[in-house]
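Chemist: A structural model of the following input is requested.
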Amino acid sequence: MNIKPLGDHILIEPVKEEEKTKAGIFLPETANKEKSEEGKVIAVGPGRKTDDGKIVPVAIKPGDKVLFTKYGPNEIKVDGKEYLIASESDILAIIE
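Modeler: Take a look at the predicted model:
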């Protein structure tokens, strides 16, 4: 399935959190884990429309690795795979 975000929305594939702590302890699947705040941009909408009808392009492009707000993006599931859809304002930084 092909997903094309609208407006200033961004489709993100969350990066899986490390399943092992820094001390080398492996965490079980049942451990209470926080949602990832990091992901890879898969697709980007055309941009935000201003009041006078002009489109302001999104500053993020597919392939960028980004940090986003923890509770901002909406979770979706497509073909059994989990993705996030976020507004450009939910993106905090691009990881280089």
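
Chemist: residue nearest the middle of this structure, spatially speaking?
Modeler: Centroid check for the chain by C-alpha atoms, centre = their mean gives I12 as the closest residue, at 3.2 Å.

Chemist: for that one, which residues make a bridge with it?
Modeler: Per DSSP bridges, residues listed as beta-bridge partners of I12: V41, L84.

Chemist: got the contact list for the residue nearest to K65 when sequence neighbours are not counted?
Modeler: Counting by C-beta to C-beta, 6 or more residues apart in numbering, K65 lies nearest to I95, which is 4.2 Å off, once chain neighbours are set aside. Any C-beta I mention is one placed from the backbone N, CA and C, and that applies to glycine too. With contact taken as C-beta atoms under 8 Å, 6 or more residues apart in numbering, I95 is in contact with E38, D64, K65, V66, L67.

Chemist: next: A93.
Modeler: V66, L67.

Chemist: for it, give its distance to P46.
Modeler: Separation of A93 from P46 (C-beta to C-beta, to the nearest Å) stands at 22 Å.

Chemist: how about K70, secondary structure?
Modeler: coil (DSSP: H, G, I helix; E, B strand; the rest coil).

Chemist: just checking, it touches G39?
Modeler: No: using C-beta atoms under 8 Å, K70 is not in contact with G39; the gap is 11.9 Å.

Chemist: the two: which is more packed in?
Modeler: Neighbours were counted for K70 and for G39 using other C-beta atoms under 10 Å; G39 has more, 24 against 11.

Chemist: now that one. Nearest residue, chain neighbours left out?
Modeler: That would be I12: by C-beta to C-beta, 6+ apart, it lies 4.0 Å from G39.

Chemist: what score does the one you found have for pLDDT?
Modeler: pLDDT, I12: 94.

Chemist: low-confidence stretches in the chain?
Modeler: Counting by pLDDT under 70, the ranges of the chain that qualify are 1, 17-24, 26-36.

Chemist: nice, that's everything, thank you.
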